[in-house]
Structures are given as C-alpha cells and as structure tokens.
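Asks: Test case, fold it:
(3 chains)
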Amino acid sequence: MSNRFSEVRQRQLRILEALLFASSEPLSLAQIAPYLSVGADLPALLEELRRHYSLRGVNLVRRGDRWAFRTAEDLEFLLRREEEETRPLSRAALETLAIIAYHQPSTRAEIEEVRGVATGKGTLDLLMEAGWVRMRGRRRTPGRPVTYGTTDAFLDHFGLEGLGDLPGLEELKGAGLLSSRLPSTLQIPLPFSGELREDEDPLAPGDAGEAADELDRD
Amino acid sequence: MSNRFSEVRQRQLRILEALLFASSEPLSLAQIAPYLSVGADLPALLEELRRHYSLRGVNLVRRGDRWAFRTAEDLEFLLRREEEETRPLSRAALETLAIIAYHQPSTRAEIEEVRGVATGKGTLDLLMEAGWVRMRGRRRTPGRPVTYGTTDAFLDHFGLEGLGDLPGLEELKGAGLLSSRLPSTLQIPLPFSGELREDEDPLAPGDAGEAADELDRD
Amino acid sequence: MTEMPTGWSDTEPDATAEVLHVDVDGYEGPLDLLLDLARRQKVDLGAISILALAEQYLAFIATIRERRIEVAADYLVMAAWLAYLKSRLMVPQAPGDEEPSGEMLAAMLQFRLKRLEAMRLSAAKLLERPRLGINVYPRGMPEALQISRKSIWEASYYELLKAYSTQRERNSIVEYRPAARTVWSLQDARDTLRRLIGDSAEWIAMDEYLAEYLGRADERATVRASSFASSLELVRQGEIELRQSETFGPIYLRRRHSGPT
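Replies: Below you'll find the model as predicted:
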C-alpha cells in the first residue's frame, strides 16, 4: 500500500518536474493542476521538489504565485562570466562574407559590384573582428585597393576543410539554393585559396589597409 | 580529505547541472570545460548526473557529442502540446532525410539512385534550413560531388544518442540494404526525371543493356 | 515533368481496388510505381515474381497511355528496360553472351525495391521517435549563457550559402527599365502655341515658333506631334489659321482675325 502510494507520488513529482522544466514562463498552481491526478496535494509536491533541488545547481523558486526552475544564485556569476551573447550575423554581413568567400581575393569595389549596394566599412570591420575575414594584400591596379579573403577561422566555423569545399553552381542548384532558371552567363567562381595571386602585393608591415587610404585622402 | 574531495566534486556537479539546465541546446564537452576547474573528470561527472536524473521527469541525454536535459520520453502523452508541427515534412523530404541518415555521407546522385527519381527543388534546401542536413564535404571521385550528412540537431530532434541508434540500422546493414555501391555493369538504368526529354523515344525491346545505361546520363 | 504531390497519404493506393485506377502523377517516379505494384502481389518482396511485375508495369503504362497521351519520359524508359528484362528472362542465356543475365538484372531490381521500401519504413520509424518539441521538450526558459567563447557572431553554413545564392540570383536578373520620356500633352502644346502665336497675324512656320523646344533630339517628335494636333484643334475652334504649300513643306500658323481677310 505504502509502496503503491509512493509510486503514484513519484509519478506526480516527475510530471511536475517536466512541466516546470519545459514551460516558457513560471507556472501557477492553477496551470499545473490539470496535469496531475485529481486530489494531488500540489503544495506538498512543490515543497518536496523545492527541497530536492535546494542544494543543487538548479533551484525551484517561487515568483509571486508562480513556480520556476532557476540557476542557483551562487552559481549565477558563472553563467554571466561572459556577458557577450551570440548574435546572428546581419544580412549585409552575411552577404559580404559569402561574396568574399567565393570571390576572394576581392576588393571592396568588387564586393559592391556583386552585391549591387555599397558596403559599409563597418561590415568589413565586423567580419574582420569576428576573425573570419582578413586583408590579404593590395591589388596591382590604380589606387592599389586592399584585397580581402577569408581566414582559417572561417573554414573552422563553417566546418570546411578548404575553400574548394564550397559548393559550385550545379551543386547550389541541386540543393535548391539557386533556381534553375538563371541566365547561362551566371558563373560562380572557384575561390582562390593560395597565398597571393599574381596581381596582388603583400601588405607592407604597418599598412593599415583602408584606414590608411582614408588618411591619405584627407 | 575525502570530505574535501567530495565537496569539490559536488560543486562541479552543481555547475554542470546549472550549465546544462540553462541552455536549451545540447552542449559539447568543449563548451562545458571552461566552466569547470582544470582537471575535472567531465565524462565521469556527466555520467553521475545522467544516473541521478535517469528516473526523474527530466533526463540528461547525449546527442552526438553533446549533452542536454530533456523531458522524460514516457511523459510525452501528458506534455504533448496542442499545436502540431507547423510544416509537416513531405514524403519526398522524409525519404530523402532517411536516405541521408542511413547512407551518409551521400551525394545527391546516390539519393536519387535509391529513390529512383530526381530530387525536387527545395527538398535538400528545406532539410538544410530545418538544420537537420548539412553539406559535409566532397567525395573523392571524378567531379568531386558534394556529400550530405545529418547534424547534431537531427539527432536532437529525433531523440537519438548517435547515428548508431537509428531504428533498424543493424538489420538493414545485415540485409546488405545500405550498400549503395552496385557493380556498374549491374546498374539498372533508372533515369532521373528531367534528363530525358519528352521527344525522346524509349529503348526498343532487345536494345543493349549498356547502351540503356548511357541513356541515364544523357 | 509534372509536379508530384508530396503529401504523406496522397499516394496510398486503395488496396482493395480490382482495377488499377491510379494516376501516374501520384507516383514519385517509376521505382515508386513498381514498388506499389509489387506490394499488390501480396508476398514478401524477396519472393516476388519479377517477370509478373514487369508485365504488370507494362500493362499499367499501356493503360495509362491509352487514356492519356502524356506519360513522363522516365516511366517510358523504365518500361523499355522492363521489356528488355522480360526478354532476357524468357530467352535462355546464349553461350558467349557478355551481358548480365536476366536473373541477375531481376535480382538487382529486387534489391532496389527492397532498399526503397526499407528507406520508407525507416522514415516512418524515425517519425515515430520521441521528437523534440512534439513529444519531448527542452528547457522552456533558457538562461543567458556564453556558449562559445571564440566567436560572438553566429552564422550557419546554410545561411552563408543561402545568402550567396540569393544575392547572385537577385543580381543576375537583368532589369529592363524603359527610359522615361518627356511627353508634351495636348494641353501643354496648345497652351504653348497660344502663347507663342499671341496676336501675330504673320504667317510663321511652326518649327520657328517651337525652335527653343526642338533643340533636344529626344523631345523633338513629341513636341511636333502634340503641337500639330493642338494646332488642328485651335483651327477647329477658329482661333488660328494653318497653311502648308507642299507635301512635307513647312506648316505656317497665324492668329485668325474675326472677319475674313
């Protein structure tokens, strides 16, 4: 009898635990009650669960009339140790990154030509800050524009062994990413993965890239 | 001394618990390690936590190389929410997903070979967008076709610890049904739709088998 | 290729049906059709008669072709191959025949049918698993946590490829923008003519009046056409008079004075 009783109680506790865990907001007794058998002593169950978790890494806490699991207070600093949260890359940044990946080495003007809109300097800065894009050198053309390329961290983040792993035209079509009704003139370049292309000069030590170019113009 | 040891261990367990509770996504050992003291036996701690939660309403589960808390499977009927899937998978998408899961890494041509039909536009796209399928790399064969595989999110969604848990995997292997490589002389010329035009005549009866093979690639 | 319906239940044939009244469009390719026909033999796929299957397929395609002219090419190629298979199965292998025997080809077809069915069953089993967000739930209130200490920016490989494809696609569409042309409305032309002619009773060529507007090549035609049409209107209203001495000669205009001259 007592065994049977404890079995039922154990199940109620498990349901309570799962409900509170999965809920996207603290739950009131009224919200919980429908999930338990009629006559379940909800306050007693909650108290038992609260005690069970009181010394653990996660505690059951009451917020007003509602209950929720929260990280134990003494551990909160641990989770907050790094306040930076991960943020999705903006569309502009994503597009710029994708163009650099495929068309590298590419200058800012070339990126803008593919995108059809001006690329803010902030976008490139952000991609460089994220560690995915680097200045490779300067193109041997008038104005000697800075050339951009991707980094090893880029390959690492996107799980690529090399730039040659980027899918080509047919494969993008095959995956449904590109529509098959495209002008036949559309081509997707094979990314250049070598050190420097013949039309590229290395950056001189201390060359700050576009920042330096802007100073020149002042 | 032993008391001191158990206190440290207890704290590690609490941190681990807090971390895994805090995240809705499975966490890898590499993501967890920085939060624990150097030299913590992470696998042993995870195992202890897993055992502690094994009979509770919330379980610690492994998804590939990652770990997460999930509500217990046996409570599903209680917790099942009203709203169904927003976009049920099409039959084509589901079959493609299964083929990739069981045969991976697989190329698009191999998927089409198993299904005997061209992969519709948007099928792979949709599976990648859902986060269940990813481009893995390229096959080292002529043309270097892109290979597809499943993700950890796939494991998470279908409640699998690893690919070895795929239902019926061993039987399929035993029956030789997962060997996608057929001797080329025995390949049935299953054409991929769209590769034969409406104005083409079918082969006459008695036409050579190998010639029919070629049609496949026309 | 016709678009295939892709719902789960839409291709389940009626097992009790005596007559095959299945639309070929309901199948996802010839192999799917073959598998369905094979299931109608109501035996294990391992014990199936490939010869009978080939005959059923050919009969089915023949029926479809009688009713509808269009049968997708891949179904026809399969039909041709099955006809070939049938002939190989019925004629004993001649000595020195290098081609695979009918039995071998039949075994391979059987293998492919089994494999497709196995994948179907596996897909169904996958769906029966406790699925995240449907049967099993993650933490509903995740707490902020720095997961990756290296990169604060997140982007998936899929998103990257999607971004690239989308913009290449977007910019590959060559836009046709018709050049915006200045058009003189009849009202504009009439007002201009009235102003220019004023009270002048002299015959003056229209092009002279309009000299300052005819300087621009892209507007010349509209200026002339609208002015000419307006001048006719002004003549009809009795405001001006018009004279042309030869075909394609200059058109002269002057204010019409009350009373004939």
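
Asks: contacts and neighbour counts: CA atoms only from here.
Replies: Noted.

Asks: which bits of chain A sit near chain C?
Replies: Within chain A, the residues that sit near chain C (C-alpha under 8 Å from any C-alpha of the partner chain) are A:21-25, A:79-89, A:91, A:94-95, A:97-99, A:114-116, A:130-131, A:158-159, A:172, A:177-179, A:182-183, A:186.

Asks: Okay, now the unreliable bits of the stretch 51-200 of chain C?
Replies: The model of the stretch 51-200 of chain C has pLDDT under 70 over residues C:68-70, C:144-152, C:173-181.

Asks: closest point of it to chain A, which residue?
Replies: Taking C-alpha to the nearest C-alpha, chain A has its nearest neighbour within the stretch 51-200 of chain C at C:Gly140, 4.1 Å off.

Asks: and that residue, what does it touch?
Replies: When contacts are counted by C-alpha atoms under 8 Å, 6 or more residues apart in numbering or on different chains, C:Gly140 touches A:Phe21, A:Ala22, A:Ser23, A:Ser24, A:Glu25, B:Ser24.

Asks: can we see that at 7 Å?
Replies: Under the criterion of C-alpha atoms under 7 Å, 6 or more residues apart in numbering or on different chains, the contact partners of C:Gly140 comprise A:Phe21, A:Ala22, A:Ser23, A:Ser24.

Asks: before we move on, what about C:Leu160?
Replies: C:Leu160 makes contact with A:Leu94, A:Ala98, according to C-alpha under 7 Å, 6+ apart.

Asks: can you check C:Arg120 too?
Replies: By C-alpha under 7 Å, 6+ apart, the contact set of C:Arg120 is B:Glu95.

Asks: helix, strand or coil for it?
Replies: Counting by DSSP: H, G, I helix; E, B strand; the rest coil, the backbone at C:Arg120 sits in helix.

Asks: Which strand or helix spans A:Leu16?
Replies: Assigned by DSSP states H and E, A:Leu16 belongs to helix A:2-22.

Asks: same thing with A:Thr147?
Replies: Under the criterion of DSSP H and E, A:Thr147 resides in strand A:146-150.

Asks: next helix or strand past that strand?
Replies: By DSSP H and E, the next helix or strand past strand A:146-150 is helix A:152-157.

Asks: and that next one with chain B, contact?
Replies: No. Residues of helix A:152-157 contacting chain B under C-alpha under 7 Å from any C-alpha of the partner chain: none, with a closest distance of 11.9 Å.

Asks: Could you list the buried residues of that helix?
Replies: Using 16 or more other C-alpha atoms under 10 Å in any protein chain shown as the test for burial, helix A:152-157 gives A:Ala153, A:Phe154, A:Leu155, A:His157.

Asks: go on, stretch C:225-243?
Replies: Buried positions in stretch C:225-243, judged by neighbour count with 16+ other C-alpha under 10 Å: C:Ala225, C:Ser226, C:Ser227, C:Phe228, C:Ser230, C:Ser231, C:Leu232, C:Leu234, C:Glu239, C:Ile240, C:Glu241, C:Leu242.

Asks: quick check: domain ranges of chain C?
Replies: Taking the TED database as the domain assignment, the ranges for chain C are C:30-92+C:100-128, C:186-255.

Asks: just the strands in chain A please.
Replies: Taking DSSP state E as the test, the strands found in chain A are A:27-28, A:58-63, A:66-71, A:87-88, A:106-107, A:133-139, A:146-150, A:200-202.

Asks: Need the winner for burial among these.
Replies: Each of the strands of chain A was scored by mean neighbour count; the highest is strand A:146-150, a mean of 25, by mean count of other C-alpha atoms under 10 Å in any protein chain shown.

Asks: and A:Leu127, what is it in contact with?
Replies: Each residue near A:Leu127 by C-alpha under 7 Å, 6+ apart is listed here: A:Val133.
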